[in-house]
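Undergrad: quick one, fold the following:
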Amino acid sequence: MGSPKKSACAAADLTDDLIVEILSRLPAKSICRFKCVSWHWYGLITNPEHRKKIPQTLSGFFYPSSNMWAPEDPARTIPDFVGIVGDEEPFSDPSLTFLASYSSIIPKISCNGLLFCLCWKVSPRDESDFVVCNPATEKWVVVPGSADESISLEYHFVFDPAISPHFQVFEITDADENYGYIGDVNIYSSETGAWSCIGNGWGDELQLVDRGGVFLNGMLHLLTYDFKILAVDTKGEKWRTIPLLEPMTVSCFCRGPLAFIGQSQGRLYHINMRVGDTSKLSVWILEDYDSGEWIFRYNISTAQIFGEKNLMFERDYALVAIHPESNLVFFVCRCEDLLISYDMDRGKVCVSNLKEHLYNRPFLPYLPYVPFLKDSLAAQA
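TA: Below is the predicted model of the structure:
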């Protein structure tokens, strides 16, 4: 092994283009550390042109916001953004003004740099589109409606440029409008520009918890009321049911499972309120994805985070995201315009200000945003 002095000399001989090429092959977590190597490396990494090649990390959260400057249209909503890093954000306007033909823009899902939004038209005002856009490049496409006349329970959106330049939209229909059981699953692919009716490979009498989905290992993961996680791939060819352990099955009559699922560092997380102790959350990780082996990893004291005991998950606060590269979780609290992060490894709490809660409803989507800086939206509809 060479001496540190020789290694430093070898690194100094690298051209800027070669350094950028090497950095482009590293995970975003490593990129953040390499900003501290020198001011020269910091400049290389933050250069707008180089950032298109280098993996990005979580920069903040999009969330719906009421438009205080349009009294003639009080129902109008536009996106806003709260940043969690010091770098300049890679978009010009969080309200997505490049979507000029829409009067209201409601972000629903964020996945690897693209936003899936419900957009109401300027004219006619009672018509809307589902739009997929890239805030960093201001490219956008309209997703056509499916031909299925069944009632839609939920829509989910997935995109991973490491797997494919194309995105997919899942429409989950209602098998029985009185009970909300999962019916057929329709999948739109931007590669084909068409919807496919896939059916239902999970079984009957399953109800989804409306807390978003997780895209991991090429599969969409969804939480159900009967304490199972359902998974399906982007073509509807692979279907899976992942059971939970008994200590993970905590529920409330009116809110269902008191739990959240997310992904970080390539693993599926399940976080649930503890039985008989509302001041603690338990964090579980799917250690072996293939076998479905869960391991207990952390206890989180909500009293430490919020400064008071006996707060109820999804009543007084909500868990909105897990950082994709670290053991950091993010909360919002009812009646407080705050985004709170908690470092599970260090027990450290940080607070960021939100401008407002939309209509005093704090648990609307707060969508984690990782910039995707490609020049074009390759997934054109």
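Undergrad: ok, Ile106 to Asp337 distance?
TA: 19 Å (C-beta to C-beta, to the nearest Å). Any C-beta I mention is one placed from the backbone N, CA and C, and that applies to glycine too.
Undergrad: more crowded one of the two?
TA: Ranked by neighbour count (other C-beta atoms under 10 Å), Ile106 and Asp337 place Ile106 first, with 18 against 14.
Undergrad: what's across from the more buried one in the sheet?
TA: Note on Ile106: beta-bridge partners by DSSP bridges are Leu118.
Undergrad: what pLDDT does it get?
TA: You'll see Ile106 listed with a pLDDT of 93.
Undergrad: the closest residue to Val143 other than its chain neighbours: what secondary structure?
TA: Once flanking residues are discounted, Val143 sits nearest to Phe130: 4.4 Å by C-beta to C-beta, 6 or more residues apart in numbering. With DSSP: H, G, I helix; E, B strand; the rest coil as the basis, Phe130 sits in strand.
Undergrad: what is the burial count for Phe130?
TA: Counted with other C-beta under 10 Å, Phe130 comes out at 19.
Undergrad: dump the residue contacts of it.
TA: For Phe130, the contact set (C-beta atoms under 8 Å, 6 or more residues apart in numbering) comprises 116-119, 142-143, 145, 155, 169.
Undergrad: before we move on, what about Phe81?
TA: 60-63, 89, 94, 369.
Undergrad: with respect to Tyr225, which of these is nearest?
TA: Using C-beta to C-beta, Tyr63 comes nearest to Tyr225 of these, at 25.9 Å.
Undergrad: ok, the closest one touching Thr77?
TA: No - taking contacts as C-beta atoms under 8 Å, Tyr63 lies outside contact range of Thr77: 10.1 Å.
Undergrad: could you pull out the helices in the stretch 251-381 of the chain for me?
TA: Along the stretch 251-381 of the chain, the segments classed as helices by DSSP state H, counting those that start in this stretch run 302-306.
Undergrad: residues in contact with stretch 239-258?
TA: 201-203, 209, 219, 221, 223, 225, 227-232, 259, 268, 270, 272-275, 282, 284, 286, 292, 294, 296, 312-315.
Undergrad: now these: which count as buried?
TA: Neighbour counting with 16 or more other C-beta atoms under 10 Å marks 202, 209, 219, 221, 223, 227-232, 259, 268, 270, 272-274, 282, 284, 286, 294, 313-314 as buried within the contacts of stretch 239-258.
Undergrad: returning to what we had before: output the contacts of Phe130 as JSON lines; include the columns pLDDT and distance to Pro161.
TA: Formatted as JSON lines, the contacts of Phe130 follow (pLDDT from 0 to 100; distance: C-beta to C-beta, whole Å):
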{"residue": "Phe116", "pLDDT": "97", "distance to Pro161": "15"}
{"residue": "Cys117", "pLDDT": "96", "distance to Pro161": "19"}
{"residue": "Leu118", "pLDDT": "95", "distance to Pro161": "24"}
{"residue": "Cys119", "pLDDT": "96", "distance to Pro161": "23"}
{"residue": "Val142", "pLDDT": "96", "distance to Pro161": "21"}
{"residue": "Val143", "pLDDT": "97", "distance to Pro161": "18"}
{"residue": "Gly145", "pLDDT": "92", "distance to Pro161": "26"}
{"residue": "Tyr155", "pLDDT": "97", "distance to Pro161": "21"}
{"residue": "Val169", "pLDDT": "98", "distance to Pro161": "16"}
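Undergrad: need those in a markdown table with neighbour count and distance to Phe363, can you?
TA: As requested, the contacts of Phe130 are arranged in a markdown table below (neighbours: other C-beta atoms under 10 Å; distance: C-beta to C-beta, whole Å):
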| residue | neighbour count | distance to Phe363 |
| --- | --- | --- |
| Phe116 | 22 | 18 |
| Cys117 | 28 | 18 |
| Leu118 | 17 | 17 |
| Cys119 | 22 | 22 |
| Val142 | 13 | 28 |
| Val143 | 21 | 25 |
| Gly145 | 12 | 28 |
| Tyr155 | 19 | 18 |
| Val169 | 23 | 23 |
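Undergrad: nearest to Ile322, of those residues?
TA: Closest to Ile322, out of all of those and judged by C-beta to C-beta, is Phe116, at 19.4 Å.
Undergrad: show me which strand runs longest in this structure.
TA: strand 277-288 (DSSP state E).
Undergrad: okay, now the unreliable bits of the stretch 251-381 of the chain?
TA: 355-362, 375-381 (pLDDT under 70).
Undergrad: quick one, strands of it?
TA: Using DSSP state E, counting those that start in this stretch, the strands found in the stretch 251-381 of the chain span residues 251-252, 256-257, 259-264, 267-274, 277-288, 293-301, 317-322, 328-333, 338-343, 348-353, 367-369.
Undergrad: quick one: which of these is nearest Ser101?
TA: Using C-beta to C-beta, the strands of the stretch 251-381 of the chain put strand 367-369 closest to Ser101, at 22.0 Å.
Undergrad: for the stretch 1-150 of the chain, which segments count as helices?
TA: 4-12, 16-23, 28-34, 39-46, 48-51.
Undergrad: which of those helices has the lowest average pLDDT?
TA: helix 4-12 (a mean of 48).
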